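Visitor: coordinates only, sequence not included:
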Ligand code: GUN
């Protein structure tokens, strides 16, 4: 049987440790880290994520500043809000939930967040730092989903050096930063995507396969090497019948699980790790500000 990478358990551990760290911060500074969570519009999945992030932040003792702006909000209104949050001493981390409405330029908005408050690690300065900074830089703002995947991999206590890692997907949020993180672990990294030729055969060579394509149950056993480690980043809601739906990943779990040495499930794998890493980044931003 494969090792099931339990994201709920690992993220709970992380949150328990952060809670203690924040209690110590409060004792020392008479302050707690603050996180501003900004959502524009009402994309259903975003509302679910924002709610979960807000709840988890409060649980560990982070002060949450919630901003839910209407769909019709224009770019300069959003940037005005970000400027205010940039100047607010009680706000250590700023998260703008993506996607934004099409009328708003995401790049301009993400660039307007102060890099030291960029809880998602999406600002170009942090993207650059991720590629050149040494491994285990504790002040680095690391994009939350790939960081969560890495922490799940580390749970296996295996030597990642020299392993063939294949990342399916080249998004700025997951695929690209994931490849950077695996490179820092001295993996041999290949990124494949929708235009890759012979994608299946490349994936079949992977010791570590990270799947972030956004297609429900797309990767089956024919894509996977025997004994590989598979991390499933997908969160897709599919209909079972007229009334019922369920969450599935990008990997056909029931088909692949017999072939691999470890696999992350959906739900309960990467999802909770993403949230815990956001809380880690917010706390790291506070610590950097106060030289702690
Ligand atoms: N939308 C999907 N994933 C993410 C994420 O990690 N951060 C933000 N801000 N938006 C997202």
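Guide: Structure's in. What do you need? Everything numeric here is computed off the predicted structure, so don't read it as measured data.
Visitor: ranges for the helices of the stretch 1-150 of the chain?
Guide: Residue ranges of the helices in the stretch 1-150 of the chain, as given by DSSP state H, counting those that start in this stretch, are 7-29, 44-60, 75-87, 106-112, 124-132, 144-154.
Visitor: among these, which is the most enclosed?
Guide: Counting by mean count of other CB atoms under 10 Å, helix 144-154 has the highest mean neighbour count of the helices of the stretch 1-150 of the chain, with a mean of 24. Bear in mind the C-beta positions are built from the backbone N, C-alpha and C, glycine included.
Visitor: quick one: is that one near the ligand?
Guide: Yes. Counting by CB under 6 Å from any ligand atom, the ligand has neighbours in helix 144-154: 144, 145.
Visitor: Give me the angle between that helix and helix 124-132.
Guide: 20 degrees (axes from the mean of the first three to the mean of the last three CA atoms, to 10 degrees).
Visitor: Between helix 144-154 and the next helix or strand after helix 144-154, find me the angle.
Guide: Once the chain leaves helix 144-154, the next helix or strand it forms, by DSSP states H and E, is strand 164-168. In terms of direction (the same axes, to 10 degrees), strand 164-168 departs from helix 144-154 by 150 degrees.
Visitor: re the thing from before, take the helices of the stretch 1-150 of the chain and lay them out in TSV including mean pLDDT.
Guide: Below are the helices of the stretch 1-150 of the chain laid out as TSV (pLDDT from 0 to 100):
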stretch	mean pLDDT
helix 7-29	98
helix 44-60	97
helix 75-87	98
helix 106-112	98
helix 124-132	98
helix 144-154	98
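Visitor: residues contacting the nearest residue to residue 199 once chain neighbours are set aside?
Guide: Distances taken as CB to CB, 6 or more residues apart in numbering place residue 192 nearest to residue 199, at 5.0 Å, with adjacent residues excluded. Contacts here follow CB atoms under 8 Å, 6 or more residues apart in numbering; on that basis residue 192 touches 166, 167, 168, 199, 202, 203.
Visitor: now swap in residue 78 and tell me
Guide: 38, 40, 69, 96, 100, 104, 109.
Visitor: Narrow those to those in strands?
Guide: 38, 40, 69, 96 (DSSP state E).
Visitor: which residues does the first one contact?
Guide: Yep, that's residue 38 we're talking about. Counted by CB under 8 Å, 6+ apart, residue 38 has contacts 67, 69, 78, 81, 82, 85, 94, 95, 96, 97.
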